[in-house]
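**Student:** Let's see this in three dimensions:
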Amino acid sequence: MIVVMGATGATGNALLHSLLALGHPVRALTRTPHLPIPGMTSAHQPPVEVQYADATDPHSLRTAFKGASQLFLAMANSPAQVELETRVIDIAAHAGIGHIVKVSAPAAEPDSPVAISRGHHAVEEHLRASGLAHTILRPYAFMQNLLRLAPTLAQGVILGTTGDAPCNHIDCRDIGDVAAAALTSPGIAGGTYTLTGPEAISYPELATRLTTLSGHQVRYVDLTPDELRDHLVHNAHMPMWLADHVTEIQQLAISRPETPTTTVIDILGRPPRTLDAFLHEHPTPFRRQGPA
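**Tutor:** Got it, this is the predicted structure:
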């Protein structure tokens, strides 16, 4: 049995679909088991076993991990991430789970300029010390997160602090497919994989593509890190830790120029989904409302 944490999140949900397509039984963990999991129906064969679990509730984790052999560990970034994920790993080891696939982050290093990445490094080290077989996935920015640009696109702008530095993006469905391969193919399990889409593009180039897609002018406005942080806190209503993270990860693209990897095609035998395909698949959020 494969247990999927974060089953309602973008990567966890993508993994569910990948595993079901391969015919593997799956136990989907969620804090809201009374609500439907996106895209899941009673017609799926094998059916998805949905179970309550919360990383802050050790008893729920012990119950959820019973009889499982593998675990997909993906949690939303937060200040409590290291504490919660190390707890999950310890309980999984005690429950007899033999292999964990963890979603980490780029630049997961002890001295990373990105605080969240330093936290992921600490979790990776804990996982290695646990003695469990493990696979580490380090995806770059999710294409799905671009949907959050919709509020500023209504004004025809993209705000950032990357200058003209190219940025990697990857579709969460490709992460799910790679995770499925790691959970079902012994030759893939055990590695550490950096995941990107097929190209790295700058925010000015993204603005150009969105202009073509929407038919309305979209321009990129480059801010200082402090200006972007203030905007995210006061206008986007982000908590300070998250605004810091967004600012740090964007600045990382400048200090460490981003280039695509071939990991997805190497593992899956097909190229990763393109950004253009994603934008055309989800045109509505990127279309400016009102008159041209």
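**Student:** switch to C-alpha atoms for all contacts and neighbour counts from now on
**Tutor:** Will do.
**Student:** could you pull out the strands for the stretch 1-150 of the chain?
**Tutor:** Taking DSSP state E, counting those that start in this stretch as the test, the strands found in the stretch 1-150 of the chain are 2-4, 26-30, 48-52, 70-73, 99-103, 133-139, 141-142.
**Student:** I'd like to know which elements the third one is packed against.
**Tutor:** In terms of contacts (3 or more Cα pairs under 8 Å, 6 or more residues apart in numbering; DSSP states H and E), strand 48-52 is packed against strand 26-30, helix 58-64.
**Student:** can you tell which of those is closest to residue 192?
**Tutor:** Among the helices and strands packed on strand 48-52, the nearest to residue 192 by Cα to Cα is strand 26-30 (23.3 Å).
**Student:** Pull the distance from the closest one to the chain's centre.
**Tutor:** Distance of strand 26-30 from its chain centroid, counting by Cα atoms, centre = their mean, to the nearest Å, is 17 Å.
**Student:** where does this structure dip in pLDDT?
**Tutor:** The chain contains residues with pLDDT under 70 at 39-46, 285-292.
**Student:** so where do the helices sit in it?
**Tutor:** 10-21, 58-64, 81-95, 115-130, 150-153, 172-184, 203-214, 225-234, 240-255, 263-268, 275-281 (DSSP state H).
**Student:** okay, those in JSON lines with mean neighbour count next?
**Tutor:** Formatted as JSON lines, the helices of the chain follow (neighbours: other Cα atoms under 10 Å):
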{"stretch": "helix 10-21", "mean neighbour count": "22"}
{"stretch": "helix 58-64", "mean neighbour count": "16"}
{"stretch": "helix 81-95", "mean neighbour count": "19"}
{"stretch": "helix 115-130", "mean neighbour count": "20"}
{"stretch": "helix 150-153", "mean neighbour count": "18"}
{"stretch": "helix 172-184", "mean neighbour count": "23"}
{"stretch": "helix 203-214", "mean neighbour count": "18"}
{"stretch": "helix 225-234", "mean neighbour count": "17"}
{"stretch": "helix 240-255", "mean neighbour count": "19"}
{"stretch": "helix 263-268", "mean neighbour count": "16"}
{"stretch": "helix 275-281", "mean neighbour count": "14"}
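**Student:** now those in CSV, with distance to residue 109?
**Tutor:** Formatted as CSV, the helices of the chain follow (distance: least, Cα to Cα, whole Å):
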stretch, distance to residue 109
helix 10-21, 22
helix 58-64, 28
helix 81-95, 14
helix 115-130, 5
helix 150-153, 32
helix 172-184, 21
helix 203-214, 26
helix 225-234, 22
helix 240-255, 13
helix 263-268, 20
helix 275-281, 28
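**Student:** so which of the helices and strands packed on strand 48-52 comes closest to residue 145?
**Tutor:** strand 26-30 (20.8 Å).
**Student:** re the thing from before, could you dump the strands of the stretch 1-150 of the chain into CSV and include mean neighbour count and distance to residue 189?
**Tutor:** Compiled in CSV, the strands of the stretch 1-150 of the chain are given as follows (neighbours: other Cα atoms under 10 Å; distance: least, Cα to Cα, whole Å):
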stretch, mean neighbour count, distance to residue 189
strand 2-4, 25, 14
strand 26-30, 23, 18
strand 48-52, 17, 23
strand 70-73, 23, 11
strand 99-103, 24, 8
strand 133-139, 21, 6
strand 141-142, 20, 22
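**Student:** Cool, thanks, talk later.
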